[in-house]
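Trainee: Below are the sequence and a predicted model for it; my questions follow.
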Amino acid sequence: MSNQKQPNNTAALLGVCFAFILSPLGLVLSIVGLIQSKKMNGRRRTMAAVGIALNAVILIYGIAQIRMRTDLF
């Protein structure tokens, strides 16, 4: 068993966390996390993919809410 510390994909984790605070930033961080996961042999790739999907849904929902409440579009 190796005692080497495995690298974490912090961008993927932050992308999921920022989905509920600031969705556009969370989407960018999740995309960065996905790119980083490819360099780390797929580590935390699922978390990055979930972050992208979650941020996209929340962002689309937010835009739909703004559209329904205002006459901007």
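Mentor: Received, thanks.
Trainee: Look at residue 20 and say how many residues are nearby.
Mentor: Residues lying near residue 20 (other C-beta atoms under 10 Å) number 11. C-betas here are computed from N, CA, C, even on glycine.
Trainee: quick one: low-confidence ranges for this protein?
Mentor: For the chain, the stretches with pLDDT under 70 are 1-7, 72-73.
Trainee: what are the ranges of the helices in it?
Mentor: Under the criterion DSSP state H, helices of the chain are mapped to 10-17, 23-39, 45-69.
Trainee: Put together CSV for the ones you listed, with mean neighbour count on each row.
Mentor: Formatted as CSV, those follow (neighbours: other C-beta atoms under 10 Å):
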stretch, mean neighbour count
helix 10-17, 20
helix 23-39, 18
helix 45-69, 15
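Trainee: you'd agree residue 51 is up against residue 10?
Mentor: No. With contacts counted by C-beta atoms under 8 Å, residue 51 stays clear of residue 10, the gap being 11.9 Å.
Trainee: tell me, what's touching these two both at once?
Mentor: Residues touching both residue 51 and residue 10 (C-beta atoms under 8 Å, 6 or more residues apart in numbering): residue 33.
Trainee: isn't residue 33 right up against residue 49?
Mentor: No. With contact defined as C-beta under 8 Å, residue 33 does not count as touching residue 49 (9.1 Å).
Trainee: how much space between residue 25 and residue 59?
Mentor: Applying C-beta to C-beta, to the nearest Å, the value for residue 25 to residue 59 is 11 Å.
Trainee: Nearest residue to residue 44 in space, please, no chain neighbours.
Mentor: residue 9 (3.5 Å; C-beta to C-beta, 6 or more residues apart in numbering).
Trainee: Isn't the one you found up against residue 48?
Mentor: Yes. Contact criterion C-beta under 8 Å: residue 9 and residue 48 qualify, at 6.8 Å.
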